Each structure stands twice: as C-alpha cells, then as structure tokens.
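Trainee: Sharing a model prediction with you, sequence too.
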Amino acid sequence: MNSKAIDFRRGAFVLSKPSVIALAASLLAAALCAWQLSVHNVLTGVTEYDDGVYLGAALRLVSGVLPYRDYVFVQPPGIAVLMSPIALLGRLVGAKDALVVARLVTALVAALNTGLVAWLVRRWGGFAMAVAGGATATFPLAVTADHTLMLEPYLVLFVLLGSVLAFGEDNPSFRRILFAGACFGIAGSIKIWAAFSFLSLLVCFVPLWRRLLAVVSGAALSFGLLCVPFVIEAPHAFFHEVIADQLSRESSVVNAWPIGSRLVAITGLSGIPSLPSSPTLAVGLLLVLGLLVTVTYVVGRASVRRADVFVLVASLGSIVAMVEAPEFYRHYAYFPLPFLAALLAIALSGSGQVIRRALRHVWSNDHVPRVAGALAFACLGGALSFLVVADVSFASAYLPNVVRGVPGGIDEPAAAIDAAVPPGACVVFDEAILAIEADRFSSSISNCPKVVDPYGMWLADGGGLSPPASPPYPTAFVATWKSYFRAAQYVVLWVPDSDFIPFDPSLLSWFDRHYQLVVKKPGGYVYVQVPVSAGPG
C-alpha cells in the first residue's frame, strides 16, 4: 500500500514539473494546428489576403526589391526579414511551396507561444500553468491567426520571449535584460502593436534604472538593425507608410466593429457556438476576471511580484489597443490572448490562495485544501475539454468559408491562373496570394510593376481610406494604377472591377479597351493586354 502511494506521488511530481506542463500545452496547440492544416486545401490553397502580402514582401526582398523604396508596405519590415530564408527556398521550389513551409512554421510558432504563456506563470504552480497554456491552446479564434502566415503569432512570439527573459529570474543579469529588450525590438519590427507590451515592461522597470537602460538599449538595437537600412533607403515613405498611415487610417464599413463585438471576439465567445455571442456576456466575463484580479492583486498582494504586475498592465494595454484600433479583424484577438490567459491563470491561483488562507480559520482539516485542489483540476479538465470541442467546431465552420476550393466554399483559382499565364510574364494583381499560389508572383521582365499590397496602397496613396471607397479618387493614385496596367501583360483580379483598385469611370473605360478577359473563374479573373488602335489614353 505504501509503495503504491509513493509511486503515485512520484508520478504526480514528474507530471507537475513546469517543463512537462509547458510541453503538454504546446503539444495540444500543435495537435489542433495540425488538424486545421489537414482540412482540405488549408495547407496548400488560397485562404487569406494577408499571407500573400507578407510572403510577397519577403520574395521581393530576396530579389533586391525593397519595401517603402520600391513598393508600398504598411507594416514594419520585420516579417519580410524573418520570412527571407523561406523566400530564398521559394526561389528553388516555387512560391506556392514556400507558402506551405511558412504555414507549417506558423503552426510551430503558435505551439511555442502556448508553452511560453504557461512558462510565464510557472511561479504560481502547475495549476496556473495548465490554465494559461490550456486557455491559449484552445482559444477558438486562434485559428483565424495561426492557420496561415499572419503577423500576430510572430508578434506574440517575440513579446513572450522578451517577457520570459525579463521575468524568468528574480534578479536577472544585465545581459538577460538586454536580450529581453532585443526581443521586444524584433516584435516592434513586425507590428507596432508591440509598443503596448513594451510600455508595460517599462512601467515595471521604472524604479530599476539599470534594467530600464538595458531593456531600452536592447530594443533600440534590434529594432534599429532591422529597420534602419530601410529607413535610409526611403525615410519619408517608411515613416509615412508604417506610422502616419496606420495612425490616420479610416475604418471601412466592413471592418468598423463596435466595441461590444470586439470584446466578444477578445473573450473568444464568438468562437463558441454553444454560447451566445453577447457583448453583455463578454463584459460580464471581464468583470468576473476583474473581481478575481482585485482579490489577487489587492487582498493577496503579498504574493504578487513584478512579473504579475507586467501581465496585468500588458493585458489592459492590449485590450485598449484592440478597442482603439480603427479597424478590427477576428485574427486581432490573438494579440491580447496570451496576456489575458496568463492574467486568468494568476487571478485564479491568487484567489485560490486567498480563499485557502481564509478557510484555514474555519476548517483545520488538512483534507479540505486537497479536495479543493482536486476539484479545481477536475473543473479545469472539463473546461479544456469543452474548449477543445468548441475550437474544433468553430474551425470546422470557419475554414470552409475562407479556404478557396473547399466544397461549398470559393473555387480554387490557382490552377486556372497557372494555365492562362506563362511563367515569367508580367502580372499585376489585386491580391498577391493569387499570383503566389499560381507561381506567377515573380516576373522575368525588369520593368514589371513591383506590386505587393494593393489594399495597403489605399492607406498610403488613396487618401487613407480602406476599400471599398467611392470616387472621386486621388488623381495620382489612379495614374499609378494606370501606369501599372500599361506595363503589365496580364492582370489577375479576385473579382471584376475589384474594390482594391481605384477603378473610376475613366480608368475602368481604359482598362476595358486594353484588356480582354481570358479566365472567368470565381476567385480568379485573368485579363490579357491586347493591342488597340491608336487613340486617346
């Protein structure tokens, strides 16, 4: 009897090790990502607009074509630099296969993020790690960010790496803090949202000037190394596209989500079919979390450390960022996810400690804490099982609507584009992903327009508007696209008269005279330039 009890305790000790819990959380996330990528055409088909832009920027970069100087790119250059090795591989195996690799890497990043969130709260014990890792792994809306190449998983990766380095030890060395700052600098080079987490870190280090100096130095160094070369090449365009345009952009009718809907997404309710997607319920859940936070950070403040304050401030900052963003997409919910998951874990564990201390004054029986702990883990297991089912259910409904080529979804256009457009031809498009999937993104013609992000061009050159927008359009913006059409041999559009191109009556008339439709397939309309008799335009 004793030997069995000892064996059981040994097993429990092994399973409670932080590294094993973090690994288990990562494996759970990896399993869910692997299932998502196994859905028909998710790994190899056209799914999003953004992934084509980010891989397209990397493909241009390894060809010596620089963002800001040679084409509009409204994000910092970090993702293009990170994807450069995959883009180089794409020059050997093709852009389409390079995108497959990028999607697999993104799934691994999502799994690593899950383990890092669990590791960030390991001071609070195995239960907190399981809550943080489990909540991150099973967050239903994570599929919107991690099923393909998107910015948020990589942004979160470097923010979490910096957080773990900064708070992984009670008295971290100057070098460790320097590397933590460097991670935040890399995150900022991917998306400027990293500033919210970085400011949270600075708030926690204000009384500690040596750490403050180290983290600022590390961030400045890494951000500078990644961004300064591009700033030197095109200083005005860099500031204009990366900072000014993002701050001054106007929301489109499509993506101007009200605050309530954003909170529903942030809490994950919109990804749980069995629960109402109610702003009231979302606010209620956040209020409950706020109550638990108050108990932990106020009543149980003796247990709170600087790392916990950082998690709280970063959570608040990320929510503010989501609420204040001019536009909102469902994949944005991935950004506040890790800190909210960590905050939930801290709040539950801290509140539990406060309650246990209170119970000791009422019950002296030692079995009470054990029973409460067992009940807590049982509830956690039930909650995670529920969220896994919800995650799979939401992904099963979501992916067929975004993956082109899924039965009942949008037709796969890549094969038709590939057949109609010869390799090396000069192609202009309204979505880079269409050209990448057809392996027609790069041209052998030197003066072919280096388009990457037609949507982003609206923010930079289209008056700060997000399409769809109504004419009149800026004259220079229309003239730019007309020059692209003059130089191109083929034009590939997601839909005829695409909103991503400033087709005013004059440009549309010119286009209709000079281009002929040769492929009419939903999701991929291909036009070829044809000779016309001499005349105006």
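Mentor: Arrived safely, thanks for sending. Numbering: from 1, shown residues only.
Trainee: now the helices for the stretch 51-200 of the chain?
Mentor: Here the stretch 51-200 of the chain has its helices, by DSSP state H, counting those that start in this stretch, at 78-82, 84-93, 95-120, 126-137, 143-146, 151-167, 174-190, 194-205.
Trainee: Please tabulate these in JSON lines and include distance to S385 as additional columns.
Mentor: (Glycine included, C-beta is placed from N, CA and C.) As requested, these are exported to JSON lines (distance: least, CB to CB, whole Å):
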{"stretch": "helix 78-82", "distance to S385": "35"}
{"stretch": "helix 84-93", "distance to S385": "36"}
{"stretch": "helix 95-120", "distance to S385": "17"}
{"stretch": "helix 126-137", "distance to S385": "10"}
{"stretch": "helix 143-146", "distance to S385": "18"}
{"stretch": "helix 151-167", "distance to S385": "24"}
{"stretch": "helix 174-190", "distance to S385": "33"}
{"stretch": "helix 194-205", "distance to S385": "31"}
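Trainee: Can I get these in JSON lines including mean pLDDT, distance to L344 and mean neighbour count?
Mentor: Listed next are the helices of the stretch 51-200 of the chain as JSON lines, based on pLDDT from 0 to 100; distance: least, CB to CB, whole Å; neighbours: other CB atoms under 10 Å:
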{"stretch": "helix 78-82", "mean pLDDT": "97", "distance to L344": "29", "mean neighbour count": "24"}
{"stretch": "helix 84-93", "mean pLDDT": "95", "distance to L344": "34", "mean neighbour count": "16"}
{"stretch": "helix 95-120", "mean pLDDT": "97", "distance to L344": "10", "mean neighbour count": "24"}
{"stretch": "helix 126-137", "mean pLDDT": "95", "distance to L344": "6", "mean neighbour count": "27"}
{"stretch": "helix 143-146", "mean pLDDT": "96", "distance to L344": "19", "mean neighbour count": "26"}
{"stretch": "helix 151-167", "mean pLDDT": "97", "distance to L344": "16", "mean neighbour count": "25"}
{"stretch": "helix 174-190", "mean pLDDT": "95", "distance to L344": "22", "mean neighbour count": "24"}
{"stretch": "helix 194-205", "mean pLDDT": "93", "distance to L344": "17", "mean neighbour count": "21"}
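Trainee: Show me the one of these that comes nearest V526.
Mentor: V526 lies closest, by CB to CB, to one member of the helices of the stretch 51-200 of the chain: helix 95-120, at 16.8 Å.
Trainee: Packing partners of the closest one?
Mentor: Secondary-structure packing of helix 95-120 (3 or more CB pairs under 8 Å, 6 or more residues apart in numbering; DSSP states H and E): helix 18-38, helix 50-61, helix 84-93, helix 126-137, helix 143-146, helix 151-167, helix 337-360, helix 432-437.
Trainee: Any chance of JSON lines for those, columns distance to F503?
Mentor: Shown next, in JSON lines, are the helices and strands packed on helix 95-120 (distance: least, CB to CB, whole Å):
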{"stretch": "helix 18-38", "distance to F503": "35"}
{"stretch": "helix 50-61", "distance to F503": "20"}
{"stretch": "helix 84-93", "distance to F503": "31"}
{"stretch": "helix 126-137", "distance to F503": "43"}
{"stretch": "helix 143-146", "distance to F503": "29"}
{"stretch": "helix 151-167", "distance to F503": "28"}
{"stretch": "helix 337-360", "distance to F503": "38"}
{"stretch": "helix 432-437", "distance to F503": "17"}
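Trainee: Of those, which is nearest G456?
Mentor: The nearest among these, by CB to CB, is helix 50-61 at 7.2 Å.
Trainee: Would you check how far apart V65 and V164 are?
Mentor: Distance of V65 to V164, given as CB to CB, to the nearest Å: 36 Å.
Trainee: ditto for L202
Mentor: From L202 to V164 the distance is 17 Å (CB to CB).
Trainee: G464 too?
Mentor: From G464 to V164 the distance is 38 Å (CB to CB).
Trainee: just P273 next, same as before
Mentor: Counting by CB to CB - P273 and V164 are separated by 34 Å.
Trainee: Could you list the low-confidence segments of the chain?
Mentor: For the chain, the stretches with pLDDT under 70 are 1-16, 247-256, 360-373, 405-411, 533-537.
Trainee: next structured bit after the biggest helix by length in it?
Mentor: Ranked by number of residues, the top helix in the chain under DSSP state H is helix 367-402. If you walk from helix 367-402 toward the C-terminus, the next helix or strand you reach (DSSP states H and E) is helix 414-420.
Trainee: mind listing what's buried in that following helix?
Mentor: Residues of helix 414-420 classed as buried: A414, A416, I417, D418, A420 (neighbour count, 16 or more other CB atoms under 10 Å).
Trainee: between those residues, which is nearest S222?
Mentor: Ranked by distance to S222 (CB to CB), those are led by A414 at 36.6 Å.
Trainee: Make sure that closest one is actually in contact with R440.
Mentor: No - using CB atoms under 8 Å, A414 and R440 do not qualify as a contacting pair, with a distance of 9.1 Å.
Trainee: V491 should be in a strand, yeah?
Mentor: Yes - assessed by DSSP: H, G, I helix; E, B strand; the rest coil, V491 belongs to a strand.
Trainee: please begin residue numbering at 56 from this point
Mentor: Okay, residue one is now 56; in that scheme the one you just asked about reads as V546.
Trainee: For it, grab the count of nearby residues.
Mentor: Using other CB atoms under 10 Å, V546 is surrounded by 24 other residues.
Trainee: The nearest residue to it once chain neighbours are set aside: which element?
Mentor: Here the nearest residue to V546 in space, its sequence neighbours aside, is Y582; by CB to CB, 6 or more residues apart in numbering that works out to 4.4 Å. Element membership of Y582 [criterion: DSSP H and E] is strand 579-584.
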